[in-house]
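**Student:** The amino acid sequence is not available; the structure is as follows:
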């Protein structure tokens, strides 16, 4: 890997992921964004979530990170180079091995057509940037509770 993936241990507030990534220690969340400041902000917002986080700066690194440790949830930027978040989401949802991973699109796009496209490619949630910490944590809890 290119070194763009990192894992950080977090605290716990009762959110346990349904997948194989988080286990009893809480969910494993992969944050994918090509903007380093956005990655740092979303990681900071997750400080109170129990479990772990990993980051990736593009779809290629995200796929590599998923191969190393399957996340319970992916926070996925839409507008990225080479492969968009829509394309990555669709790819993951079409693959039986990854279709169960929850995906929340976190993007500057906020038109109804963007939300519909996210739904069409299988996203489990959608948040428009700038995202607030309470909205992000509420969406994560909602999506992981399904």
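**Tutor:** Yep, it's here. These figures come from a predicted structure and were not determined experimentally.
**Student:** Residue 124 and residue 89, how far apart?
**Tutor:** Between residue 124 and residue 89 the distance is 9 Å, computed by CB to CB, to the nearest Å. For the C-beta atoms, the positions are set from N, CA and C on the backbone; glycine is no exception.
**Student:** Looking at these two, which one has more neighbours?
**Tutor:** Neighbour tally, residue 124 and residue 89, criterion other CB atoms under 10 Å: the higher count belongs to residue 89, 26 against 20.
**Student:** Might you report the residue contacts of the closest residue to that one other than its chain neighbours?
**Tutor:** Among residues not flanking residue 89 along the chain, residue 121 sits closest, at 4.7 Å (CB to CB, 6 or more residues apart in numbering). Shown in contact with residue 121 (CB atoms under 8 Å, 6 or more residues apart in numbering): 86-87, 89-90, 93.
**Student:** What subset of those is buried?
**Tutor:** For the contacts of residue 121, a burial check counting by 16 or more other CB atoms under 10 Å picks out 86, 89-90, 93.
**Student:** Find residues that contact each of residue 124 and residue 89.
**Tutor:** Counting by CB under 8 Å, 6+ apart, the residues touching both residue 124 and residue 89 are residue 103.
**Student:** from the buried ones among the contacts of residue 121, which is closest to residue 116?
**Tutor:** Nearest to residue 116 among these, counting by CB to CB, is residue 86 at 11.1 Å.
**Student:** what's near enough to touch the closest one?
**Tutor:** 78, 105, 117-118, 121.
**Student:** Could you export these as TSV, including pLDDT, distance to residue 60 and secondary structure?
**Tutor:** Below are these laid out as TSV (pLDDT from 0 to 100; distance: CB to CB, whole Å; DSSP: H, G, I helix; E, B strand; the rest coil):
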residue	pLDDT	distance to residue 60	secondary structure
78	93	16	coil
105	95	18	strand
117	88	22	helix
118	89	21	helix
121	95	18	coil
